[in-house]
Every structure is written in structure tokens, then in C-alpha cells.
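[1] requesting a structural model of the entry that follows:
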Amino acid sequence: MYYIFFQPQNNNYLNYINLDKLKHYFSLKNMQQLNIDTSENNIYFVWFKNFAFIDNKITNMYYKKNIFCINNLLNTDCVTNKYNLFFNLKKYFPKNYLKFTQNSFELTNNTQYKEGVYIVRPVLEKITKAQPGRCKDIYVYNNYDTFKIAKNVLLKYDQILVSEYLKNPLLFNNKKFILRVYLLYGIINNKHITSVFEEANIFTAKDDFINDKYFDNTIHTTRIIYTENDYLFPNDFTNSNINNCINSNIIYNNICSICNKLAFILKKNVKLMDNTQNGFYIFGLDFILDDNFNVLLIECNRNPSFGIFKDELNMNIFHDKIIDWLYKNVFIFF
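    The predicted structure follows:
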């Protein structure tokens, strides 16, 4: 039996999961690693580290082979596309979708100004780029003038999503933050499986939160480069960091409840690739909490950069846990 790991050229160790432990697992199963140009037609396992960097010729070459398992599924854009995500939540859960996501609508030429504070972002660009829409042309409007500016700039895109802006976020060390949660979804032995990883990255803004400074990215944008240390939920979700009394179990259970809704949408839409017997995918979900501890889903990332850390030791410990999680939920069935 054979396995393949495709290593993208842009292979920054901080951005992708460390696969040494997984390779060791396959070697214990007497499997051999194949080169990228192999002529072997029957492959046990294929792992593409990050689909954003994969050439179509390579994917087409492997998709024509007989693959026992691959870390990919078709039609995942039912949740990874921000527009599809919101409207699928609205479609399948019409009575309560606004309890776990911000209200959104599409921006068009005919969209009229609506009072409030909104974040406006492109979903897909007319001209395809390496990473369309990422941290680019994202606007906040809170009056008619800023609405016109956002509309004039963003209408060059094919699809623009407008979402209500959360004005009362829960703060972590006085900063706005998100939880990066990892959701595993797969079709294994003809059964749909779902699992939520027990830990989540905490990414904060750079500066302390000030509500009305909507155009200051250091206050309102959460990124790993702004986060001072390697923080994880639930261990670092303490009263001193949050400055409030919380029950992380309740928050985790609410996150799992939302993930179950995503799993419902995925089950309705995704399917295995041709010539594959099993497939799975790990999504990176971004959640924000309001100051009443309500959990709100922001987006579902297709290439989540598993466990980004500032410290390599912390990263390796986290990656080992991710691989163990895969064993228990995917490879145990083989």
C-alpha cells in the first residue's frame, strides 16, 4: 500500500500541520511513500496540505487514480463561501439562524442605505487571484457617507455580503478576539462523521477595544500577528483574561451545537470525489462572542492553517493532538 503527502512550495512550518507523526503511523502499517510523479494507480491515502497552493495538473493526476482515502470532499463551498454559508443557515434553520450568526444580506446596485453599523466584504472576485477577498477591500459603514464609499469600491466584485457588526463583543485582555475552532467532517465507510476538536486558538486584535473607532484595524481586526501569546480555549479562557465569570463548558457545547448545524448542511451538499472510497475535511471556524456569552459564527475557512503558534514547541504539541484526533475519528475505521 502507498501514501502521498503533497508539500506546497510555500511551506512555512507555522502555517501547516506537522505530518511526521502521521507518516510514522503509515510506516507502521507497512505503507510506502510515493513520489509526486508516481505511475501507481492504487493509493491508500493522499494528504494535500493546503489546496490554495495546488496546481490543477497535480490534482487532476491524482483524482484519476483509485484512492482509498483523501483529505478532500466536493461541494464544501456550501459553507466555506460566506454568502452560501449565511443563506444555507437561513434556508435550513429559518426559525433560529439569527441566534448564532449575524444578520446578512447581499449588496447590489439597488441596495438602499440602512441605519446601523455593518461590515461589507467581497465573497468572490471577478478576476481570480491566489486568495480572493482575504483581508482586502473589507469596509465598515456606520452612516450614509461611509455606505456610499463602500458601495462604490465593492461593486467591482461579483458578490458582496453585508453583515451586522457586533458592537458589544466579549473581550479577551480588553481586546476583541475570535475563537478558531476545528471541525472535522467526513464520509468514511459510507457514513457521515462529525467531530469538533476540543481546543481552539484565540486570536486577538492588537489594541484595546474602543467601540466607535470602526475604521481602526488594530482595534477591530483579529489576527495571529496581533496576538501577544499562544492562547488556547478553554485553558486560557480564565476569569482574569475575560474579566468575567464564565463557564467554558457551556460555550463549547454551544459551539458544538452550531457545528452540528453545519454538519447538517454538509450532509445535504458534499460528496466524495470520483475514484475515492473515503474522504474528510478539516474546516477552521471563526466564532465571536458577545458580552452576554452568546456564540456567533463568523465564517468557515477552507484552508484554516492548523494551529498557528508563535512558539514551535506549542505548535508541535497542538499538532500531535490534531493527529490523535484524526486517528480516533478517521483512521480507526480503516
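[2] how far does whichever strand or helix holds Val181 sit from its chain's centre?
    Remark: Val181 resides in strand 175-188, with elements defined by DSSP states H and E. Taking the mean of its C-alpha atoms, strand 175-188 sits 6 Å from the chain's own mean (Cα atoms, centre = their mean, to the nearest Å).
[3] helices or strands next to it in the packing?
    strand 191-196, strand 200-204, helix 248-269, strand 276-289, helix 312-329 (3 or more Cβ pairs under 8 Å, 6 or more residues apart in numbering; DSSP states H and E). In short, each C-beta sits where N, CA and C put it, glycine included.
[4] what would those look like in a markdown table with distance to Ile119, mean pLDDT and mean neighbour count?
    Converted to a markdown table, those look like this (distance: least, Cβ to Cβ, whole Å; pLDDT from 0 to 100; neighbours: other Cβ atoms under 10 Å):
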| stretch | distance to Ile119 | mean pLDDT | mean neighbour count |
| --- | --- | --- | --- |
| strand 191-196 | 26 | 96 | 16 |
| strand 200-204 | 17 | 95 | 24 |
| helix 248-269 | 19 | 96 | 17 |
| strand 276-289 | 11 | 92 | 21 |
| helix 312-329 | 29 | 86 | 16 |
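[5] nearest to Leu232, of the ones you listed?
    strand 200-204 (6.5 Å; Cβ to Cβ).
[6] which residues in the stretch 51-200 of the chain form strands?
    Under the criterion DSSP state E, counting those that start in this stretch, the stretch 51-200 of the chain contains strands at 66-70, 104-106, 118-124, 139-141, 159-164, 171-172, 175-188, 191-196, 200-204.
[7] quick check: which of those strands is nearest to Asn235?
    So among the strands of the stretch 51-200 of the chain, strand 200-204 is nearest, using Cβ to Cβ, at 9.8 Å.
[8] helices of the stretch 1-150 of the chain, residue ranges please.
    For the stretch 1-150 of the chain, the helices defined by DSSP state H, counting those that start in this stretch occupy 20-28, 56-63, 77-80, 82-92, 144-154.
[9] tell me the average confidence for the third one?
    In other words, helix 77-80. Averaged over helix 77-80, pLDDT sits at 94.
[10] how's this protein carved up into domains?
    If you go by automatic domain parsing, the domain ranges for the chain are 2-70, 103-164, 168-333.
[11] single out the most deeply packed of the ones you listed.
    When those are scored by mean count of other Cβ atoms under 10 Å, the highest mean neighbour count falls to domain 168-333 (a mean of 17).
[12] and that domain, how far from the chain's centre?
    Centroid displacement of domain 168-333 relative to its chain, using Cα atoms, centre = their mean, is 7 Å.
[13] pLDDT below threshold where in the stretch 101-250 of the chain?
    In the predicted model, the stretch 101-250 of the chain carries pLDDT under 70 at residues 124-136, 245.
[14] now do 50
    125-134 (pLDDT under 50).
[15] can I get the helices and strands packed on strand 175-188 in JSON lines including distance to Gln102?
    Shown next, in JSON lines, are those (distance: least, Cβ to Cβ, whole Å):
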{"stretch": "strand 191-196", "distance to Gln102": "21"}
{"stretch": "strand 200-204", "distance to Gln102": "18"}
{"stretch": "helix 248-269", "distance to Gln102": "13"}
{"stretch": "strand 276-289", "distance to Gln102": "9"}
{"stretch": "helix 312-329", "distance to Gln102": "29"}
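[16] what's the closest of the ones you listed to Val120?
    Closest of the helices and strands packed on strand 175-188 to Val120 is strand 276-289, at 17.0 Å (criterion: Cβ to Cβ).
[17] just checking, what packs against that closest one?
    With contacts taken as 3+ Cβ pairs under 8 Å, 6+ apart, strand 276-289 sits against strand 66-70, strand 175-188, helix 248-269, strand 295-301.
[18] can I get these in JSON lines including distance to Gln112?
    Formatted as JSON lines, the helices and strands packed on strand 276-289 follow (distance: least, Cβ to Cβ, whole Å):
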{"stretch": "strand 66-70", "distance to Gln112": "46"}
{"stretch": "strand 175-188", "distance to Gln112": "29"}
{"stretch": "helix 248-269", "distance to Gln112": "30"}
{"stretch": "strand 295-301", "distance to Gln112": "25"}
